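K.L.:
here are the coordinates; sequence isn't available:
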């Protein structure tokens with residue numbers, strides 16, 4: 001076979017040397033493949049990315065147009081499994097915190113509304129509308145007293161803790177099942193600079 005591309009000194013010599021070595025020793029070797037070491041006494045030296053200069057101890061300086069700011073590293077990760085036990089513990093603690101915030105917020109809201117006179121105004125209107133000659137009507141202030149409101153809010157918060165914990169744990173089981181089919185959620189994380 002004749003090469004009609006013209007002179008190619010580096011690659012042509014490499015292929016010719018590989019062809020000659022293949023013809024001599026290693027039958028079936030393709031051009032460009034690394035040949036096995038003929039002499040076992042010489043150790044293998046991998047090619048160097050940066051050639052060492054003639055001066056030893058010289059400081060390598062960056063190129064003039066080289067970037068000196070570091071690049072942001074990114075990693076693509078996949079959430080393959082969520083441990084249901086850890087999801088249950090975390091959701092339990094978070095729902096307890098949410099329940100405490102709900103109780104405190106309802107107590108503060110009740111105190112603000114009582115200080116503004118909302119209960120007395122609305123309660124007077126309701127008792128006039130529902131009252132008759134024999135009775136005074138519905139007493140909103142006694143019905144919406146602070147202990148009754150806090151008891152109702154505490155019951156709602158306890159139910160919320162139980163339901164949120166159970167639903168989060170069930171969600172972890174469902175996520176694990178679906179992640180087995182589709183592979184899970186992929187995240188791209190970047191290093192903060």
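P.N.:
Yes, it's here. On a predicted model such as this, the values are computed, not experimentally measured, just so you know.

K.L.:
where do the helices sit along this protein?
P.N.:
Per DSSP state H, the chain has helices spanning 9-24, 84-116, 118-130, 140-143, 146-182. These are given in chain order.

K.L.:
got the buried residues for the third one?
P.N.:
I take that to be helix 118-130. Using 16 or more other CB atoms under 10 Å as the test for burial, helix 118-130 gives 119, 123, 126-127. All C-beta spots, glycine's among them, are computed from the backbone N, C-alpha and C.

K.L.:
by contact count, what packs against it?
P.N.:
Counting contacts by 3 or more CB pairs under 8 Å, 6 or more residues apart in numbering; DSSP states H and E, the secondary-structure elements packed against helix 118-130 are helix 140-143.

K.L.:
and the contacts of the helix it packs on?
P.N.:
When contacts are taken as CB atoms under 8 Å, 6 or more residues apart in numbering, the neighbours of helix 140-143 outside the stretch itself are 119-120, 122-123, 126-127.

K.L.:
swap in 6 Å and give it another go.
P.N.:
119, 123, 126 (CB atoms under 6 Å, 6 or more residues apart in numbering).

K.L.:
looking at these, spot the one nearest residue 91.
P.N.:
Sorting the contacts of helix 140-143 by how near they are to residue 91, with CB to CB, puts residue 119 at the top with 35.8 Å.

K.L.:
show me the contacts for that closest one.
P.N.:
residue 141.

K.L.:
any idea how far it is from residue 140?
P.N.:
Residue 119 sits 6 Å away from residue 140 when distances are taken as CB to CB, to the nearest Å.

K.L.:
check residue 128 too.
P.N.:
For residue 128 relative to residue 140 (CB to CB), the value is 11 Å.

K.L.:
residue ranges with poor pLDDT in this protein?
P.N.:
1-41, 44-70, 131-139, 193 (pLDDT under 70).
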